[in-house]
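S.K.: quick check, what structure comes out for this input:
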Amino acid sequence: MKVLEFISIDAWTIIFQICNLLILLLLVRKFLWKRVMAVLEARQNEIDGIYDAAGKDRREAAQMKEEYTARMGNAREEADRLVRNAMDTAHNRGDAILKEAQTEAAHIKQKAERDIDQEKRKAYSELMGEISGMAADIAGRMVEREINAEDHRELVEEFIKSAGEAS
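M.R.: Numbers count the residues shown, from 1 in each chain. Reported below is the predicted structural model:
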């Protein structure tokens, strides 16, 4: 029968085991349950806070990305506007310089034409003065002597030579 005692089930042992378990559960609930639950709740709150912070950071990052994209778009538009303004200014300045150069060239041309005209008149006046002087000289020579056809021809040739040398 000794084998049977080793496997036997005693009712009082089961009752004491159940009572021990209930006492142990009451003690754990009384002294440890609140602390364990407080630690678990604190841990859960910490995890929720981390998730909330991550979500907030993600939203801020998305907002910053949108702002960055908008700023880059504005910067591109501003750069394009500045380039257009610079090109317009350069074009206008180039047109102004060209117009000024054309005006100055026209003034220089007019002055040159006036100077040429004045030099022509001066040369014409000098030539007329020399021709008048030569004609007076020839007339004086003709008066000094009697001119025949041969002398007349010689005087005309001499006049033509001296007129050619003077011009």
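S.K.: Ile9: what secondary structure?
M.R.: Here Ile9 is recorded as coil under DSSP: H, G, I helix; E, B strand; the rest coil.
S.K.: low-confidence ranges in the chain?
M.R.: Low-confidence segments of the chain (pLDDT under 70): 1-7, 141-147, 164-167.
S.K.: do that again at 80, thanks
M.R.: Scanning the chain for pLDDT under 80 picks out the ranges 1-9, 128-156, 158-167.
S.K.: ranges for the helices of it?
M.R.: With DSSP state H as the criterion, the chain has helices at 2-7, 11-27, 34-144, 149-166.
S.K.: in TSV: those, plus mean neighbour count.
M.R.: From N, CA and C alone the C-beta is placed, and that goes for glycine too. Converted to TSV, those look like this (neighbours: other C-beta atoms under 10 Å):
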stretch	mean neighbour count
helix 2-7	7
helix 11-27	10
helix 34-144	10
helix 149-166	11
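S.K.: quick check: the residue most central in space within the chain vs Leu40, distance?
M.R.: Closest to where the C-alpha atoms of the chain average out (C-alpha atoms, centre = their mean) is Val83, at 3.8 Å. From Val83 across to Leu40, the span is 63 Å (C-beta to C-beta, to the nearest Å).
S.K.: so who does Lys30 touch?
M.R.: Applying C-beta atoms under 8 Å, 6 or more residues apart in numbering to Lys30 gives no contacts.
S.K.: next: Ala163.
M.R.: Residues in contact with Ala163 (C-beta under 8 Å, 6+ apart) are Glu130, Ile131, Met134.
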